[in-house]
Each structure stands twice: as structure tokens, then as C-alpha cells.
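[1] Structure for the following, please:
(chains A and B)
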Amino acid sequence: DTAVSQTPKYLVTQMGNDKSIKCEQNLGHDTMYWYKQDSKKFLKIMFSYNNKELIINETVPNRFSPKSPDKAHLNLHINSLELGDSAVYFCASSQGAVAVPNEKLFFGSGTQLSVL
Amino acid sequence: AQKITQTQPGMFVQEKEAVTLDCTYDTSDPSYGLFWYKQPSSGEMIFLIYQGSYDQQNATEGRYSLNFQKARKSANLVISASQLGDSAMYFCAMRESLGGNQFYFGTGTSLTVIP
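    From the prediction side, this is the model:
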């Protein structure tokens, strides 16, 4: 059983298209995240949801829209894809509504997005 | 200021030797957690070890240990008896108790184990 699963693993698309990445966790965690890892391997937080509510919304183009239908799912929809959106996108989750320092992040396997 | 700083973009170590990957952090929160993650070439993020700010002893997990020096705000990862499979990117991360649910990541260190 995969704890945090995201699909697809690879996504190749043309500039201007709209695409979605899905994420599901079966750990019963309250908090889910989207991270972007660029070509230099830098991990940047994009969004975080706690029990379906947006709690972290970093400076991200509004072409990126997260959607959390329930606390086990956090999907990422990207409109009008641009070349610079090419990266690896990681979904992650952690337990607890209130931040507790020892709660680690569980990561999905990542989605390699390539915009041509 | 950077919350997490990893100053070694790349490191090399001979197989079976020990290696230390540096990590310094910046926080005014008295309660925080420090984490190390490994990212092999296959891309997944693997949790390695955790150290809490109030932990009296350095954390250890098998061949991984964390050299925690609170006054210096450093949390270096020590890998003993390096193996070829240890070649990967290593990320240091911090979570503050007052920081909401934010995890701060360093820029990573690429470790190569030489046979």
C-alpha cells in the first residue's frame, strides 16, 4: 500500500495546455502539500492544505490551482502551461492539525512535468 | 535569511569511509524539529533521521547519525561505512512549532560514493 500516491509519474505536454496532477494519501493525515523541485533540485513549497483548507499559499502564479475535495486528496491543476513550469512536482502529507515539530513529511514519488 | 543552509553542493567519499554532510539552521523558535531526507537518482524522497530541539542525545538510525550542536545551530548528518547505494542528494529540513505547517528545506548536497 503506497502511503502517498500521485499520478501521473510522467507528464509531457505542449505549451498552453491545461493539466492536472492527482494526489491521495491513505495515512489519515490532516495536512497535505505541493512542492516544486526545479532543475537545480531546489524544493519550493507551493501550497499546503489542512483538512481541506488552504493554509500555505506561496508566491505561485495563479495558473496553479490546488483543489482538496477531502483531506485525503490534494490535486494540482495547472492552466496555460509554460516552459518554465517544467519541473518535478511532489505531493506530501504530514499528520496533525497543529504543527508539531517531530511530524515528518511523507512524500509521493513525484511527477516529472515536461512542457514542450 | 535562509532558514536552512547546506554549504556543500557536492561531496565525494570512498566506499566504507564515513562522511559528514553539513547543515545549519536559523530559528528563534525554542521548539523545532530537524530532518534529513535522501533523494536517490530514482527521484523519491526518503526520510532518514529526525532530531528534536529538546532531545538531549544525538539521533541515530543505523548507519546514520545526526551531530546536533544546538548552540551553533548545526545539524550535520554523519553516514558511517558508506555504501555505493548512498550516492544521492541529501536534504536537510526544519519544522518550527510556531511556524504553522511549513517545512523549510536546504538546497541539498549531492553525495557520490567512490568504489
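
[2] which bits of chain A sit near chain B?
    Counting by Cβ under 8 Å from any Cβ of the partner chain, the residues of chain A close to chain B are A:31, A:33, A:40-43, A:45, A:48, A:50, A:55-56, A:88, A:90, A:92, A:94, A:99-107, A:109-110, A:112. (Each C-beta comes from the backbone N, C-alpha and C, glycine too.)

[3] Narrow those residues to those in strands?
    For these, the ones inside strands are A:31, A:33, A:43, A:45, A:48, A:50, A:55-56, A:88, A:90, A:92, A:94, A:106-107, A:112, with DSSP state E as the criterion.

[4] Go through these and name the one nearest residue A:22.
    Set against residue A:22, the nearest of these by Cβ to Cβ is residue A:90 (13.2 Å).

[5] Verify the stated contact: residue B:49 with residue B:35.
    Yes. The pair residue B:49 / residue B:35 is scored as a contact, 7.3 Å apart, by Cβ atoms under 8 Å.

[6] who's more crowded, the two?
    The residue with the greater number of neighbours, taking residue B:49 and residue B:35 and applying other Cβ atoms under 10 Å in any protein chain shown, is residue B:35; the counts read 26 against 21.

[7] Let's see the pLDDT reported for residue A:2.
    pLDDT recorded at residue A:2 is 72.

[8] ditto for residue B:71
    The confidence metric pLDDT takes the value 95 at residue B:71.

[9] Could you pull up the contacting residues of it?
    When the contact criterion is Cβ atoms under 8 Å, 6 or more residues apart in numbering or on different chains, residue B:71 has no partners at all.

[10] Could you confirm whether the helix or strand bottoming out on mean pLDDT in chain B reaches chain A?
    Every helix and strand of chain B was ranked by mean pLDDT, DSSP states H and E. The lowest is strand B:103-105, at a mean of 91. Yes. With Cβ under 8 Å from any Cβ as the criterion, chain A is reached by strand B:103-105 at B:103, B:105.
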